[in-house]
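> Return atomic coordinates for the entry below.
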Amino acid sequence: MGNIGTATATKLLNAMLRNTPYTGPETAYLALYTTNPTDDDVGTEVSSSGTGYARVAVTFTDPAGSGGRQCANSAEVEFPEATASWGTISHCGIRTHSAPGEGDTLIAHAALATPKTIEAEDVLRFKAGKLVVIFTASS
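Numbering: from 1, shown residues only. As a prediction, this is how the structure comes out:
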């Protein structure tokens, strides 16, 4: 994933530097966007109204690679079959809840290497190991 969400960054900094408790989500969910959600979580998520779209739970490997700073999806992630067009998916994000609402937070987000247009009857999947979250070390 390209960037961490601002709300998540704030929570992590408070936890690490100010001894403020932070508990991550019990389950992480993958969300799809037709515009960049940005660090401030203002992008356009695919509509779930009459489209068959729903966020999908995703599990990650233990930290490894990149000096223990990298996790990847441990199993294939498959979205439900589209019942109507979802538009062109340009970004994805990892979120704390299965649906938008109070307490839902963008954990991280990134642009897809190749945007994908999803029409009715299409199924979008990400193979295991293709969703990678990396904390990079500064030089």
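
> Isn't residue 106 up against residue 37?
Yes: taking contacts as C-beta atoms under 8 Å, residue 106 lies within contact range of residue 37: 6.0 Å. For every residue, glycine as well, the C-beta is placed using N, CA and C.

> Spell out which residues are contacts of both of those two.
Here residue 106 and residue 37 have 5, 93 as joint contacts, going by C-beta atoms under 8 Å, 6 or more residues apart in numbering.

> I'd like the next helix or strand past the worst-scoring helix or strand of the chain on mean pLDDT.
Every helix and strand in the chain was compared by mean pLDDT, DSSP states H and E; the lowest is strand 3-4, with a mean of 87. Later in the chain than strand 3-4, the nearest helix or strand by DSSP states H and E is helix 6-18.

> Residues in contact with that following helix: which ones?
Contacts of helix 6-18 (C-beta under 8 Å, 6+ apart): 4, 20-22, 39-41, 105-108.
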